[in-house]
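[1] Next comes the sequence, and after it the predicted model I'd like to discuss.
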Amino acid sequence: GKKPIQDMMVNLARATDRRGLRFKYVDGPARPIALRGGDVNVPIIRPGLYTGTYGDQYGQFQHEVLLVEHRVFHLPSEPKERAELWKTVDSEIFRRLGRAHVEALARALEKRGVSEMMFVVCTKVTGDVHVPMGEMTFVALVHPQIDDPSVHVPETIRDRRDRKNVNVVRSFTGWGTLAYPGFGRPAVTKGVLLQLESDGAADRHRFGFLWDQRSSETNVLRWLDVQDTHPFLTRRE
């Protein structure tokens, strides 16, 4: 709800030193992007603002607001142009933190002759002690889908907010940002984006990102309803 997020921001401001709390502009939600192939397997996740809870270990800073966007890239046929495109993916999607992952992804997709790819990109609007606002928290390749045998996908996960089990509908290969406090030594690690069973409320879909393959708990992302009514955030085709 609104109150826990307001309390979190107040407590975050009080926890900073005399230099104060710095705010950074994060671009608003983009319109949904259609693939040329019209892939029906792309997850039904609306670009926009979501909230989640990262668990009691974050204390007063456990509530978070995230921005979800869709990014589509078309792979050129010329090798030199493809190389430039992968540099763009490395800088704009992975924030230059996952070059090895980008290179492995490039080899896998070019071997398959892929002509276009779509990412779901999640950016922190309110940061935490590890990853600040404006940084990528996770990204997932949703088209085309690739199988990664090293990633374990559970049939159900537990929501950190209410401790209830939720069925996993589909999964997508992803990568998430990890860092020491103060965004120290940031790095990208493998993960998985989970499309979860609808909660039945207005047929809203839920998503989560599984960081630790040994855990069955995750932060379930929920759409901020104010976006459906606020004139500034309402998007019309």
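    Looks like it arrived, so ask away.
[2] Moving C-terminal from the helix or strand bottoming out on mean pLDDT in the chain, which element do we reach first?
    Least confident helix or strand, the chain: helix 2-15 with a mean of 60, by mean pLDDT, DSSP states H and E. As assigned by DSSP states H and E, the chain's next helix or strand after helix 2-15 is strand 48-53.
[3] Who are the packing partners of that following strand?
    Strand 48-53 sits against strand 63-74, strand 217-223, with contacts defined as 3 or more CB pairs under 8 Å, 6 or more residues apart in numbering; DSSP states H and E. Just so you know, the C-beta spots here come from the backbone N, C-alpha and C atoms, and that holds for glycine as well.
[4] Residue 88 should be in a helix, yeah?
    Yes - counting by DSSP: H, G, I helix; E, B strand; the rest coil, residue 88 is found in a helix.
[5] Within its local environment, how many residues does it see?
    The tally of other residues near residue 88 (other CB atoms under 10 Å) stands at 10.
[6] What separation do you get for it and residue 79?
    15 Å (CB to CB, to the nearest Å).
[7] Return, as residue ranges, the portions of the protein with sub-threshold pLDDT.
    Residue ranges of the chain with pLDDT under 70: 1-44, 55-58, 60-61, 199-205, 230-237.
[8] The most centrally placed residue in it and residue 94, how far apart?
    For the chain, residue 122 is the residue whose C-alpha lies nearest the centre (CA atoms, centre = their mean; 2.9 Å). In this view, residue 122 and residue 94 are 13 Å apart by CB to CB.
[9] Pull up the overlap in contacts between these two.
    Shared contacts of residue 122 and residue 94, defined by CB atoms under 8 Å, 6 or more residues apart in numbering, comprise 136, 139.
[10] residues in contact with the closest residue to residue 103 other than its chain neighbours?
    Spatially, and ignoring its direct neighbours in sequence, residue 103 is nearest to residue 86 (7.7 Å; CB to CB, 6 or more residues apart in numbering). Residue 86 sits next to 102, 103, 106 when contact means CB under 8 Å, 6+ apart.
[11] out of those, who's nearest residue 138?
    For the contacts of residue 86, the minimum distance to residue 138 (CB to CB) is 14.9 Å, reached by residue 102.
[12] Perfect, I'm done here.
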